[in-house]
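J.: Here's a sequence, model it:
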Amino acid sequence: MLVAVVLFSTCGEEKQYTYNQDIAPIIHQNCVPCHREAGAAPFSLTSFKQVNRKKNTILKVTQSGYMPPWPADRNYSHFIGEKYLTQDQKQAIKLWIEQGAPEGEGSPPPVPEYSKVSRIGEPDTTIWFDSIFVPGKNKDLFLIVTLPIELREDKYIRALEFVPNKNNLVHHMNGHLLNYDPALKKSVYEGIRVMNIEVDSASYRRQFDSLMLYHDDKSYPDRIHSAINYLPGVEASIYPEGIGGFTMSRKAMLVANDMHFGPTPKGKWDHSHLNIFYSDDPPKRPVRETMLGTNGVSKIEPPLVIPPNTIREFHTSQYVDQDISVLTVNPHMHLLGKSFKAYAIDPAGDTIRLIHIPKWDFRWQYFYTFKTMVKIPEGSVIHVEAVYDNTANNPDNPYDPPQLVKERTDRGGEGMRTTDEMLQFIITWLPYQEGDENTSLEYSGD
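T.: Numbers count the residues shown, from 1 in each chain. Reported below is the predicted structural model:
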């Protein structure tokens, strides 16, 4: 028997929706986290006036499912912080607008409070990068950018968060942390802060030396590889106490190697910042990271070459040599991406679902954290299936008419151009411990 959900009162009259009573709670929960002052979105939706002004846009993007942005298929696997509207919520927005979008009596619930500098909580320390001017030449810009860090004492770090400024010019940033021995490094503020990596080898060597990344005696500091990474739409991963984290020396340097600014037709300034979240305790279970595909541990088959006017599927896979607990996954493709699926096949032949993105969107590339850890037993094989659309029907295709596009790892940092392609699947994991499957990864702000 089919039961229809009808939004009518018991008297047979259509329910009358108001902003204050019905719509504000929906907007506050699903839109305001980004659409607020200092949020990631280009405009705020924290008042009736702002929402009313954008009501037609809101109607269009919510009914189509374009907003709130959540590319992962919720019927395939589930993650923390899923952004979606129920059918009842979509219908409520639609009827409210059709009824003239009334404000209603009384007052709406208070707008949730958010940090003005962070998207995941209130950081203990915020440090700003130097301002960088990105020329309006419609070309990719690749830089090494350093951020000196000096604290009163060594600190245990819960998480690092990179936040680009409002212009959203940063395509990606891969950050390594250098931990100096204070006895061997007089000052972390010496050296240049920015260098262009698209230069000849002699200039590259000279500029790199000018960064002054070594100890004063030219010895190497300790390095934490990929202490922080950023992609469009990414929110930093922060795990419950005892999971992840590392120690930061009181004299340290974050090296964004590399920081990639996407093409822009108009010159703009970028002034991004780093948020640091401390921990009271040393890290008990430091996380590990494995990257499949481009620049990773597994080969892409066939080679990532996409001829014009074609839709092609590519695969990559990796054998799992120990029991592992997966915390977070991050799929990555560029503008020709069409769909992405990752899963593991265990030794018994059963499928362990990881993530499915049926409609790839370059603008939203989350680090997807599972609600509880996902065990992948030793002997399993992780598989990735990715489809690319290099036809004129792809609205994000950077070329008109379509041209040959491929992976360009032979060109150093320039191989990461937005108009080239990549296929990566990054897995954050821990060696398995009994009971990990039941361990919540929800961060409560403790």
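J.: Could you use CA atoms for every contact and neighbour count after this?
T.: OK.
J.: In terms of residue numbering, what are the domains of the protein?
T.: As recorded under automatic domain parsing, the domains making up the chain are 19-98, 125-286, 289-438.
J.: so which of the ones you listed comes closest to Gly106?
T.: domain 19-98 (6.9 Å; CA to CA).
J.: Any idea how far apart the tips of the closest one sit?
T.: End-to-end distance of domain 19-98 (CA to CA, to the nearest Å): 13 Å.
J.: Quick one: mean pLDDT for it?
T.: Regarding domain 19-98, the rounded mean pLDDT is 94.
J.: mind listing the helices for the stretch 1-150 of the chain?
T.: 24-30, 48-53, 55-64, 87-98 (DSSP state H, counting those that start in this stretch).
J.: Packing partners of the longest one?
T.: Packing contacts for helix 87-98, counted by 3 or more CA pairs under 8 Å, 6 or more residues apart in numbering; DSSP states H and E, involve helix 55-64.
J.: how about Glu437, phi and psi?
T.: Main-chain dihedrals, Glu437, degrees, to the nearest 10: phi -60, psi -20.
J.: Settle this for me: it is touching Val374, isn't it.
T.: Yes: if you go by CA atoms under 8 Å, Glu437 and Val374 touch, sitting 5.8 Å apart.
J.: Based on its surroundings, how many neighbours for Tyr366?
T.: 22 (other CA atoms under 10 Å).
J.: Now it. Nearest residue, chain neighbours left out?
T.: Closest residue in space to Tyr366, ignoring its immediate chain neighbours: Val234 at 4.5 Å, by CA to CA, 6 or more residues apart in numbering.
J.: Check Ile357 too.
T.: That would be Ala72: by CA to CA, 6+ apart, it lies 4.6 Å from Ile357.
J.: right, and the one you found touches Leu354 too?
T.: No: counting by CA under 8 Å, no contact exists between Ala72 and Leu354, whose distance comes to 10.2 Å.
J.: Go through stretch 41-57 and flag the buried ones.
T.: 41, 44-48, 51-52, 55 (16 or more other CA atoms under 10 Å).
J.: What segments of the stretch 101-250 of the chain are strands?
T.: Ranges of strands within the stretch 101-250 of the chain are 125-128, 132-134, 141-150, 155-163, 170-179, 194-196, 222-230, 246-248, based on DSSP state E, counting those that start in this stretch.
J.: Rebuild those as TSV, extending it with distance to Val255, mean pLDDT and mean neighbour count.
T.: TSV is the format used below for the strands of the stretch 101-250 of the chain (distance: least, CA to CA, whole Å; pLDDT from 0 to 100; neighbours: other CA atoms under 10 Å):
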stretch	distance to Val255	mean pLDDT	mean neighbour count
strand 125-128	13	96	14
strand 132-134	15	92	16
strand 141-150	5	95	21
strand 155-163	12	94	21
strand 170-179	5	92	22
strand 194-196	10	92	19
strand 222-230	10	92	17
strand 246-248	14	95	20
